[in-house]
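# For reference, the sequence and a predicted model appear below.
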Amino acid sequence: MTTLIPTATARVFQYEFSDVLRSRWVTLYALFFFGLTEGLFQFGGTGTGVLLSLLNVVLILIPLVGVVFGALYLYQAREFVELMLAQPVRRGELFAGLYAGLSLPLAGGFVLGVGVPFLLHGGGGATLAMLLAVGVLLTLVFVALAFWLAVRFEDRVRGLAVAVGLWLAGAVLYDGLVLALVAALSAYPLERPMIALTLLNPIDLGRVLLLLHFDVSALMGYTGAVFERFFGSTLGAGVSLTALGLWLIVPLGLGLRRFRRKDF
Amino acid sequence: MNIVPLAPPAAAPARLHITGLKKAFGALPVLRGVDATMPAGQVTAIVGPNGSGKTTLIKSILGLVRPDGGRILLDGRPLRPDGADRARIGYMPQAARFPENLTGREVIALLKDLRGAAAPTDETLIDAFGLEPELDKPLRTLSGGNRQRISAVLAFLFDPDLLILDEPTAGLDPVASSILKDKIRAAQDRGKTFILTSHIISEIEELADRIVFLLDGRVRFGGSIAEIMERTGQSRLERALAHLMTGKAA
Amino acid sequence: MTSSVAADACPVCAGIAATGGGRTPGRPAGRWVVSLLALLALIGPVRAQTLVVDPAGPVASVREALAQAEPGARILVRPGIYREGALVIDRPVELVGEAGAVLDGDGTHQILTITADSVTVRGFTFRNVATSFVEDRAAVKVDEAWHVRIEGNRFEDTFFGIYLSRAAYVTVADNVLRGTRATESQSGNGIHLWYSRDVTITGNDVRGHRDGIYLEFVEDSVVEDNHSEGNHRYGLHFMFSDRCAYRRNVFRANDAGVAVMYTAHVEMTDNRFEHNWGPAAFGLLLKDITDSRVARNVFDRNTIGLYAEGSNRVDVIDNDFLANGWAVKIMADAEANRFVRNNFIANSFDVATNSRQHYSTFDGNYWDQYEGYDLDRDGVGDVPFRPVRLFTLLVERNEPALLLMRSFFVHLLDAAERVLPVLTPEALVDTHPVMHRLVR
């Protein structure tokens, strides 16, 4: 038989999903979030307080785990990829199946780990929904980046180094540079550049979307409340989602392009 | 275990024709214009020293490596790069590694799923290898030999027209080795085409009808075993190959 | 203290201050006698005169009834819309509107001016007092009168609602005031007190005015249980009003929050200051407030919860600061203020200041941003808490940096600064931060 199976992506996803689920890492990952969230509740946290404490973990840990685990995973899946590529499977379908097979269990582990304690203790509401959404989006974005890097760099040590570097740049250094820029150019109106700089970094974008829930009182204090007005508006929400979408699609597209041409 | 009746021998067994195949990894040329023919129903051994381009040639046929130039024709038509033709190809890689946490049975089920329920399967090698007790263990816990056995099962699973076996007996014990060789011969009898590589000359003598001898990315010799003996004037294949390697052949 | 001082100090309300001038309400003994006589007339053995105003007659206008009324008379006004020009109550009477009794200002003039002591106005709806840029037109004006009660009335679309000038012993209770003017400059204050003393303002509900409740040169008065919301400037605004108490009021979503200035011996307790959002919105702004007490209030979701400037010896005790942008902004010219036993929870910034010099104290507060420990388990953290973060200062100096809030880099900066304060005020520290939220 020579027909291609249109459900190849679904099959690969199904098997990779169960493979990833059975590897202890995703379970540990989910348990970590569960333990952390539950612990924050146990230590007298209210819904909002717990969410605030989770915010930093989400913004730091999810990108790190996504980019490192994603790259490691694809490097380790090399043999499986070769096995699959000897089957009547399109490379694009395989890539999509692999991506979904990792990113969805990771995102699911996070959602369950954080969500279950909130179900038990109550609270959360729209802010919890936004936190979960940002966490899921960051997972998708950083696994996509990891896949691109893992396909791009044949040498896994180099690939992992770049992955960690990328995380460091996005999660820590970028904000330092922005802060330096703000200080250096304090004489100029920086509202629009600040919004643009935020859109350029998915971690910052996720953070600002959460600020709208936690710090709206302070954001309203900014001259003309420009930040709140932009990110809180339909236009701003659309632009933010588009930016996050690009952060997902561009690395995934670059990775896919390379994956299609790659020699195994 | 359910035994699906084998399909009758394919009406038009696969034949491969390769012309001017080129591939370079970066600045390093590996295939410098390979011309070779793998006739239907025959076992063609690709031999050559390490680094001569054997695996690259195999992977080019499989589409794992994207050639820089040249053509690969399957039954006279260009091999389709989107993977459709791989439904007719079984592949046993050199190093058999699998998703660590899946079991053998799950991998087999996955491949079946990929092909769809209608595809006839050949699982006789499972019994022949005595693999049944190993199928429910996570693959990471299996020995190298058992992984290699699973890999052989997978290559033959869909009764493909063309089988590509990269060092198939490496890592197998003599018993398993001979089971696999019997399987190859039986399949060949049913008209299947084989491409294999091996470092074991006796194995090549035993199985191969034809030799493609690669040296520095070019075909040094392509023809039947008889022809190579004749050409080199040697009586043993090992000698003949050594002769070719030192560059004294035509 | 003169009105020119007020005008300088408070440019936004200069127009109002400039119309004033003169003295505090006098207390001649004769007026006491008059009041006492009036009181006796009300409770005396002779049943008081009652006049009924009804559109169908015989007394068809309030003006006519007022002219006929003897001191101590009761005037009952039947439902109807009365357009009678400016009315003056110049004798002690009780003016009671039945439900549906409307006094309409026709959009041209004031409605009621009370110049006599011991007047009660109850149960009316006052309507249509036009904006004026030359005089402070009000629906009800009390001018140099004592022992007046204005209660249970409704004010709709009036420029100023209730205006007390040189009044004393006045009660303004349970009135509902609804301003409808669109902007600050077109609207007047809901309840306006000028040069008055011993006034009680209680249970009123003021919305849509310029300032909800306004006091200038007022002494020994009480403002309690009022609700002031959605006014175009301040929910409560007072200046030069010593020894007044503000209790159990709600000041909510006013354009600029609440601002109080140039006053000593203020007591503000059990109030709620909430949802005052904007670049210049304060839950409570204290300017030159001295020897005062701000206790048991809740500051919830304001851009700036409590702002203190030039204010000295103010005790800020047992308050809850919840989810404010800046819970407390205290300028370096504020001295000897004490912040004790307050809860600081879910604020973006707990404390901000403008200098490394600092002369107020923080002690025994609960800070949810405190990350210290309590090894001896006495409920008090073993390491001091520095509520002013480095990032707070960075935002003060470079406003756009606000968008970096809660980023990891900012956390690193703050952690470094907490270990080794270089830029933040060293003296601004809570040495006894409590470990758990203080339960009221």
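It's in.
# going forward, measure contacts and count neighbours with C-alpha atoms only.
Fine.
# any idea where the helices of chain B begin and end?
Along chain B, counting by DSSP state H, helices occupy B:54-62, B:104-115, B:124-129, B:144-156, B:174-189, B:201-207, B:225-232, B:237-245.
# Including mean neighbour count, mean pLDDT and distance to A:Leu106, could the ones you listed go into a markdown table?
Converted to a markdown table, those look like this (neighbours: other CA atoms under 10 Å in any protein chain shown; pLDDT from 0 to 100; distance: least, CA to CA, whole Å):
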| stretch | mean neighbour count | mean pLDDT | distance to A:Leu106 |
| --- | --- | --- | --- |
| helix B:54-62 | 22 | 90 | 32 |
| helix B:104-115 | 19 | 85 | 22 |
| helix B:124-129 | 17 | 92 | 35 |
| helix B:144-156 | 23 | 92 | 29 |
| helix B:174-189 | 16 | 93 | 41 |
| helix B:201-207 | 16 | 89 | 47 |
| helix B:225-232 | 17 | 87 | 55 |
| helix B:237-245 | 17 | 85 | 53 |
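# which bits of the stretch 1-150 of chain A sit near chain C?
The stretch 1-150 of chain A comes close to chain C at residues A:48-49, A:56, A:60, as judged by CA under 8 Å from any CA of the partner chain.
# Which ones among those lie within helices?
Short answer: these in helices (DSSP H) are A:48-49, A:56, A:60.
# Neighbours of whatever residue of chain B ends up closest to chain A, how many?
Of all residues in chain B, B:Val65 sits closest to chain A, at 4.2 Å by CA to the nearest CA. B:Val65 has 18 neighbouring residues, counting by other CA atoms under 10 Å in any protein chain shown.
# Mind pulling up the pLDDT for it?
For B:Val65, the model assigns a pLDDT of 89.
# distance of B:Ala128 from C:Ala336?
Spatial separation of B:Ala128 from C:Ala336 under the definition CA to CA, to the nearest Å is 93 Å.
# For the residue nearest the centre of chain A, give its distance to A:Leu145.
Here the mean C-alpha position of chain A is nearest to the C-alpha of A:Leu138 (CA atoms, centre = their mean), at a distance of 1.7 Å. Between A:Leu138 and A:Leu145 the distance is 10 Å, computed by CA to CA.
# Please apply the same query to A:Leu59.
For A:Leu59 relative to A:Leu145 (CA to CA), the value is 16 Å.
# Which one's more surrounded, the two?
Neighbour count, other CA under 10 Å: between A:Leu59 and A:Leu145, A:Leu145 has more, with 30 against 23.
# Next, that one: secondary structure please.
Under DSSP: H, G, I helix; E, B strand; the rest coil, the three-state class of A:Leu145 is helix.
# show me what contacts residue 60?
If you meant another chain, say so; for now it's chain A. A:171, C:408 (CA atoms under 8 Å, 6 or more residues apart in numbering or on different chains).
# Wait, chain C was what I had in mind.
C:53-54.
# can you confirm it is in a strand?
No - per three-state DSSP, C:Ala60 lies outside any strand segment and is coil.
# Just give me the neighbour total for the residue of chain A found nearest chain B.
Residue nearest to chain B within chain A: A:Asp263 (4.2 Å; CA to the nearest CA). Using other CA under 10 Å, A:Asp263 has 15 other residues around it.
# Tell me the spacing between it and C:Ile150.
With distances taken as CA to CA, A:Asp263 is found 90 Å from C:Ile150.
# pLDDT below threshold where in chain A?
A:1-6, A:44, A:223-224 (pLDDT under 70).
# again, only using 80
Applying pLDDT under 80 to chain A flags the ranges A:1-8, A:11, A:14-16, A:18-23, A:44-48, A:79, A:82-83, A:123-124, A:221-225, A:264.
# for chain C, same thing?
C:1-48, C:57, C:107-108, C:133-134, C:182.
# Tell me the residue of it that sits nearest chain B?
Nearest residue of chain C to chain B, counting by CA to the nearest CA: C:Phe408, 36.0 Å away.
# Angles on the backbone of that residue, please.
With angles defined as degrees, to the nearest 10, C:Phe408 sits at phi -60, psi -40.
# That one contacts A:Val172, doesn't it?
Yes - when contacts are counted by CA atoms under 8 Å, C:Phe408 is listed as touching A:Val172 (5.9 Å).
# So which bits of the stretch 201-350 of chain C are right by chain A?
Checking the stretch 201-350 of chain C against chain A by CA under 8 Å from any CA, the hits are C:277-281, C:301-304, C:323-326, C:346-348.
# Filter these down to the buried ones.
Neighbour-count burial (16 or more other CA atoms under 10 Å in any protein chain shown) applied to those gives C:277-279, C:281, C:301-304, C:323-326, C:346-348.
# Out of those, which sit inside strands?
The members of these that map onto strands under DSSP state E are C:304, C:326.
# so which of the buried ones among the residues of the stretch 201-350 of chain C next to chain A would you say is closest to A:Leu166?
C:Ser348 (28.7 Å; CA to CA).
# which residue packs closest to that closest one, ignoring adjacent ones?
Sequence neighbours aside, C:Gly325 is the residue nearest to C:Ser348 in space, at 4.9 Å (criterion: CA to CA, 6 or more residues apart in numbering or on different chains).
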